[in-house]
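Visitor: requesting a structural model of the entry that follows:
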Amino acid sequence: MGIFDRIILSIYTLLLAFLSLGVILISLRLISLEQVWTSISLIYGQWEAGLVAAVFLLVSIRLLLAGLRSRRNGSAIVHHNEMGDIHISLDAIENLVEKAARHVRGVRGVKVVASHSPAGLTMRLKAVISPESNIPTVTAEIQQRVNDYVKNTVGVELTDMHILVENIANDFKSKHRVE
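Guide: So this is what the prediction gives:
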């Protein structure tokens, strides 16, 4: 669930809490039933009230779908052999790709999202590159290294890889690597 859905859920929960408080007050007879009927009769025929109700209905449907939609529960690459099946989760593949991409010179950070479809395995990488690096060279090396690493480690060819250079990092101290 994204940040937008969480904000909507917070507002929705707060409004539902007020509605619940109103029902509690009515059930304990702390608010007269006449006041409630008078308030409801003011809503009758008001298109604005219908619009607010429609918005609440749409928010309810969106939150229901966001709650039901999981990230990728159980998504995995399956290899069959004579001893049985081997399942490699997409989270494990993401960790492998992140490790391979971080070892490319000039990469300061990387976030990976892997997805598997009938067409094959695709990768989406968001990278932070150091300012002294040549971006086309670094991204080409990331593509080559990740493709080779996934092919050799997981045994699957990548069908597509998207790299987004999200930032140029100049606030990190340079790391000295022994190669």
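Visitor: list the buried residues for whichever helix or strand Asn167 is part of?
Guide: Under the criterion of DSSP states H and E, Asn167 resides in strand 158-168. Buried residues in strand 158-168, counted by 16 or more other C-beta atoms under 10 Å: Leu158, Met161, Ile163, Val165. (C-beta placed from N, C-alpha, C; glycine too.)
Visitor: name the nearest residue to Asp85, ignoring sequence neighbours.
Guide: Leaving aside its chain neighbours, Asp85 sits nearest to Val78 (5.6 Å; criterion: C-beta to C-beta, 6 or more residues apart in numbering).
Visitor: let me know how buried that neighbour is, in neighbour terms.
Guide: 9 (other C-beta atoms under 10 Å).
Visitor: ok, back up a step: pick out the lowest-pLDDT one from the buried residues of strand 158-168.
Guide: Among the buried residues of strand 158-168, Leu158 has the lowest pLDDT, at 86.
Visitor: is that residue in a bridge, and if so with what?
Guide: Leu121 (DSSP bridges).
Visitor: got the contact list for the residue nearest to Arg102 when sequence neighbours are not counted?
Guide: Once flanking residues are discounted, Arg102 sits nearest to Val110: 5.9 Å by C-beta to C-beta, 6+ apart. By C-beta atoms under 8 Å, 6 or more residues apart in numbering, the contact list for Val110 reads Glu98, Ala101, Arg102, Leu125, Lys126, Ala127, Val128, Ile142.
Visitor: quick one, strands of the chain?
Guide: Assigned by DSSP state E, the strands in the chain fall at 76-81, 84-89, 107-117, 120-129, 158-168.
Visitor: how far out from the middle of the chain is the first one?
Guide: Meaning strand 76-81. 25 Å (C-alpha atoms, centre = their mean, to the nearest Å).
Visitor: same question, stretch 82-95
Guide: For stretch 82-95 - counting by C-alpha atoms, centre = their mean - the centre lies 22 Å from the chain centre.
Visitor: pretty sure Ala49 contacts Ser39?
Guide: No - applying C-beta atoms under 8 Å, one finds Ala49 not in contact with Ser39, separated by 10.9 Å.
Visitor: roughly how far does Glu141 sit from Phe4?
Guide: Distance of Glu141 to Phe4, computed by C-beta to C-beta, to the nearest Å: 35 Å.
Visitor: show me which of those two is the more surrounded one.
Guide: More neighbours surround Glu141 than the other of Glu141 and Phe4, with 18 against 10 (other C-beta under 10 Å).
Visitor: which one is the more buried one nearest to, not counting chain neighbours?
Guide: Val104 (5.1 Å).
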